Every structure is written in structure tokens, then in C-alpha cells.
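> Mind looking at a prediction? Sequence and model below.
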Amino acid sequence: MSESAVTKTGLAGWRTLLRRGVQVLGAAVLGQWSLYGLLRCPFVVPFVSCQNCPVITCYGRLMPLYWGYWLALPVSAVLFGRAFCGWACPGGLAVSLLGRFAPFGRSLRPRLARLARWAGAGKYLALAGCLYVYYVLGQPRADVPIRVGAFFEAAALTFEHASTFWLVRTAIALGFLALGLGVAAAWCRFACPMGGALELVKGASLFKVFKTSACNGCGKCTNVCEMATRPEEDNCTNCGDCLDACPTDAIGFGRKPKEKQGKSA
């Protein structure tokens, strides 16, 4: 192995270790809130009505956490696009771990790859559904009982007393998370409304993982990507796992340089 290859392998290892560390930190800060939003939030759209929520044990009621998250998220989107998904989201960490057991997702046959691209529109439908529920339906409370105490016992009561609306949205979310055991990152790629929102604005971000005209379409970046995509394309989260995978050095990070006209990536 050449010296440059050894250096790349070492940098990739440190980068992965750093990303995992940030993901663990994100899970420590936001993990409890994420679980409450999925399994105990009385509102149909979680994480946005926390200051009016009667579940007093949820971390979302902490003003610094709530407003810190909703202020930091757009800033991170402007700077790094969809990097929150690949670096800090607790759900992203869970999906990443589940994806290690998934036999499908990273290397798909052409027909299945085209189907996956079409299925990627699901996250935009989920975003549209959340906006409809929040603004048109008025963010209804779909779970009536107010409980405190042990989390999982309270979550079981939530499933027992919640409305059909709440049960359907929760079943969809849990179903896509379970699907991640077979299709890598199914929730993040096909159903996450936050991922859909960040996907819409990531093109305007200042810094990103990008590919240049040296790309020959070999697909090695796709094979190492947890989201089964290429730099700048749909579902790229700027995780950086592909930076050292390209045999033609066609992948970089930062401000994408302007290339001469007539070349295609």
C-alpha cells in the first residue's frame, strides 16, 4: 500500500471517529426529546408545539434546548446543507446502526436504483403532510391522557388511548425504521419530513461535499455511503464518508470551484 493510501486511510478513520462522536453527543442532547416526539408526543406533528405540551417530563419543554435547536438548525443548513442528518440527528445515528444489517440499499441493480430515486419523493410528501396538519388542521392533539412517570409504561398507554390519526403516523415512522433493517437508511431516504425540508435548501449551502468533472461514474462513493447516493445528489448529507473512496480524486469538500464550461461531472 502506498504512503498516500495509508494517509487517506488514516484520515478516513479519524473523520469517521469524529462523526460518530458528534452523533453520540447529538443523541445525548436530543435523544430523549426524539423518543418523546415519536412515542409520547400528544400532537400529530412532534417537536414544534413543545411549549404547549402537557407532557412535563419531555426535554422539549426546556426553553434553551427548544429554541437552541430551532435556531441552530437553519444556521447549519445555510452553512452545511443537510449535514445535521449525517452528523447530529439521533434518528440518523439509529438509522446508521440499523443500516449495518441491511442487505439492500448501497449497491442496487439499475431498476431498483431508479425505484429508490422515485421513492425518495416520499420525504417531500411527508413534509407536505406535516405542513398541512400544522397549518390547515391546526396541529390537533391526537392523544388525550396526560401522564408522567416511567417512559415505556406511559408510551404503552399512549398507544392504548391515542386516536387513529396518531397511531397511523407513528406506525408509518416505526415501519420505515424497521424497513431500515432491509433497505439501508429507509427512513432518512424515503420518509423523514425534516430530511425533505433540508434537502430542498441544501443546494444553497456555503460548504458541501462535491464532485468535479473528474468523476467517471464508477460508483465507489455510493458503495461506502450510508444513504446510497453520490456527492451533491439527492440524500447527500455531507457526511464525508466518500471523500477518500474516489479513485480519481473527484470528490472534495468546501466551496465548489467553478469549472470550465464544456466539462460535465
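Here it is on my side, so go on.
> hey, let's count contacts and neighbours off CA atoms from now on
Will do.
> so where is the stretch 101-250 of the chain shaky, pLDDT-wise?
The stretch 101-250 of the chain contains residues with pLDDT under 70 at 105-113, 145-146.
> for it, what spans make up the helices?
Per DSSP state H, counting those that start in this stretch, the stretch 101-250 of the chain carries helices over the ranges 110-119, 122-131, 151-161, 164-179, 186-190, 193-201, 220-224.
> so which of the ones you listed comes closest to residue 69?
Checking those against residue 69 by CA to CA gives helix 193-201 as the closest, at 12.8 Å.
> coming back round to it: adding distance to residue 60 and mean neighbour count, write the helices of the stretch 101-250 of the chain out as CSV.
As requested, these are arranged in CSV below (distance: least, CA to CA, whole Å; neighbours: other CA atoms under 10 Å):
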stretch, distance to residue 60, mean neighbour count
helix 110-119, 31, 13
helix 122-131, 18, 18
helix 151-161, 15, 15
helix 164-179, 18, 16
helix 186-190, 22, 26
helix 193-201, 17, 19
helix 220-224, 34, 19
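> could you dump those helices to a markdown table with distance to residue 83?
Converted to a markdown table, these look like this (distance: least, CA to CA, whole Å):
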| stretch | distance to residue 83 |
| --- | --- |
| helix 110-119 | 20 |
| helix 122-131 | 16 |
| helix 151-161 | 30 |
| helix 164-179 | 20 |
| helix 186-190 | 12 |
| helix 193-201 | 9 |
| helix 220-224 | 17 |
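> For residue 42, see how far away residue 69 is.
Applying CA to CA, to the nearest Å, the value for residue 69 to residue 42 is 20 Å.
> contact partners of stretch 179-196?
With CA atoms under 8 Å, 6 or more residues apart in numbering as the test, stretch 179-196 has contacts from 82, 85, 92, 95-96, 98-106, 119-128, 130, 173, 176-177, 226-228, 235.
> what's around residue 150, how many residues?
9 (other CA atoms under 10 Å).
> start at 4 instead
I'll keep to 4 as the first residue from here, and by that count the last item is residue 153.
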